[in-house]
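Asker: next input, structure requested:
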Amino acid sequence: MNFRITTQSLFGATAMIAMGAAVAVAQDTSSTIPRSDRRIPISKEAPGEVVRTDTVTIYKTDTLQLTDRVVDTVRLTTTRVDTVIPRPIPLVWPNGFYAGLAGGFSTPSGALYTPNSTGGTAQAQLGWQNAKQVLGVRFDVNGAWPGQDSRFSALQGQANLYNFSLDGKLQLPFAAHILGSRHRFALYGIGGYTHTMYKNLPMRIDSPSGDPNTAVFIPGSEDWQNHGGWNAGGGASMVWGHSELFIESRLLAFNPSGAPMARQVPVVFGMNWY
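Answerer: Next up, the predicted model:
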């Protein structure tokens, strides 16, 4: 028996096989993917979650290297000259001894009153007395240059007086606080012998007639003259450390021949150093 297979019969068989396979696949439910009618939202963050942002910083360092090296050298020359002067050795007097200077004015009185007027005065003194001692001694030299009266200035030069006094000194020391510091003060009296030398000193002399109401004046001599006399006075002082500040007034007197007593009243302000 012969089977004849033609093109038409082959095509029809292929079509029937394809339709059968399609029906079989449609009836197989095991391979079908189920789909839901409700849409489910999808988000990267859960509700209530804080979004975190991470920042990344990238540092870049560039290194520049120079192959040429330049070195500048600046040299300064400074010349300094130091002069060292040794300190002088401080002068320290023996315990209680002191030296000082003073200055002020001097007023004439007695036989010196009318032809002379107030002039300048200067003084230097050397003594011994501690700040707490009651008794002491002092030697001083006092110079005075009285003012001139117009009636005598044309007849002579400037009057000069020098007084050399050796005195005893009696003081009352006491201490007090001033501005937070403790200082020693003293009130004192002073007096003793005075030798006076002078020249060009006009003065009033006794009247030859003996009448005390008659004034007679004579010009001074250019030669130095000397007379012994006395002095008395007082002052106040303040001591701190090795220094003493004082103010003082005295009466210096001598008796010239044939004349009333000649008197000087110097008032000085000075310093003593112990």
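Asker: secondary structure class of Arg151, three-state.
Answerer: Secondary structure, DSSP: H, G, I helix; E, B strand; the rest coil: Arg151 is helix.
Asker: let me see the contact set for the closest residue to it other than its chain neighbours.
Answerer: Computed as Cβ to Cβ, 6 or more residues apart in numbering, the closest residue to Arg151 that is not its neighbour in sequence is Pro115, at 7.2 Å. Backbone N, C-alpha and C define where each C-beta goes, glycine included. Under the criterion of Cβ atoms under 8 Å, 6 or more residues apart in numbering, the neighbours of Pro115 are 149, 151-152, 202-204, 217.
Asker: how near is Pro115 to Asn272?
Answerer: According to Cβ to Cβ, to the nearest Å, Pro115 stands 35 Å off from Asn272.
Asker: so Gly270 bridges to which residues?
Answerer: Listed beta-bridge partners, Gly270: Ala102, Phe246 (assigned using DSSP bridges).
Asker: give me the element Lys169 is part of.
Answerer: Lys169 is located in strand 160-178, with elements delineated by DSSP states H and E.
Asker: show the contacting residues for Ser221.
Answerer: So Ser221 contacts 199-201 (Cβ under 8 Å, 6+ apart).
Asker: which stretches of the chain form helices?
Answerer: Under the criterion DSSP state H, the chain contains helices at 7-27, 150-153.
Asker: ok, of those helices, where does mean pLDDT dip lowest?
Answerer: Within these, confidence is poorest for helix 7-27, with a mean of 59 (mean pLDDT).
Asker: mind checking how far Gln123 is from Ile247?
Answerer: Distance of Gln123 to Ile247, given as Cβ to Cβ: 12 Å.
Asker: shaky segments in the protein?
Answerer: Residue ranges of the chain with pLDDT under 70: 1-84, 86-94, 177-180.
Asker: 50 - rerun?
Answerer: For the chain, residues meeting the criterion pLDDT under 50 lie at 1-3.
Asker: which residue ranges of it form strands?
Answerer: Secondary structure of the chain (DSSP state E): strands located at 97-110, 116-128, 135-148, 160-178, 181-199, 203-205, 216-218, 225-240, 243-254, 262-273.
Asker: before we move on, the earlier item: among the contacts of Ser221, who's most crowded?
Answerer: In terms of neighbours by other Cβ atoms under 10 Å, those top out with Leu201 at 26 neighbours.
Asker: picking up where we left off before, the strand holding Lys169 vs strand 135-148, what angle?
Answerer: Relative orientation of strand 160-178 versus strand 135-148 (axes from the mean of the first three to the mean of the last three Cα atoms, to 10 degrees): 130 degrees.
Asker: which other helices and strands does strand 160-178 contact?
Answerer: Here strand 160-178 touches strand 135-148, strand 181-199, strand 225-240, going by 3 or more Cβ pairs under 8 Å, 6 or more residues apart in numbering; DSSP states H and E.
Asker: tell me which of the ones you listed is the most buried.
Answerer: With neighbours taken as mean count of other Cβ atoms under 10 Å, those reach their highest mean count in strand 135-148, at a mean of 18.
Asker: and it, which strands flank it?
Answerer: Here strand 135-148 is paired, per DSSP bridges, with strand 116-128 (antiparallel), strand 160-178 (antiparallel).
Asker: in a markdown table: these, plus distance to Asn213 and mean neighbour count.
Answerer: As requested, the strands paired with strand 135-148 are arranged in a markdown table below (distance: least, Cβ to Cβ, whole Å; neighbours: other Cβ atoms under 10 Å):
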| stretch | distance to Asn213 | mean neighbour count |
| --- | --- | --- |
| strand 116-128 | 21 | 18 |
| strand 160-178 | 28 | 16 |
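Asker: dump those strands to JSON lines, plus distance to Gly96.
Answerer: Formatted as JSON lines, the strands paired with strand 135-148 follow (distance: least, Cβ to Cβ, whole Å):
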{"stretch": "strand 116-128", "distance to Gly96": "5"}
{"stretch": "strand 160-178", "distance to Gly96": "12"}
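Asker: contacting residues around Phe254?
Answerer: So Phe254 contacts 194, 196, 227-229, 261-262 (Cβ under 8 Å, 6+ apart).
Asker: what about 7 Å?
Answerer: 196, 227-229, 262 (Cβ atoms under 7 Å, 6 or more residues apart in numbering).
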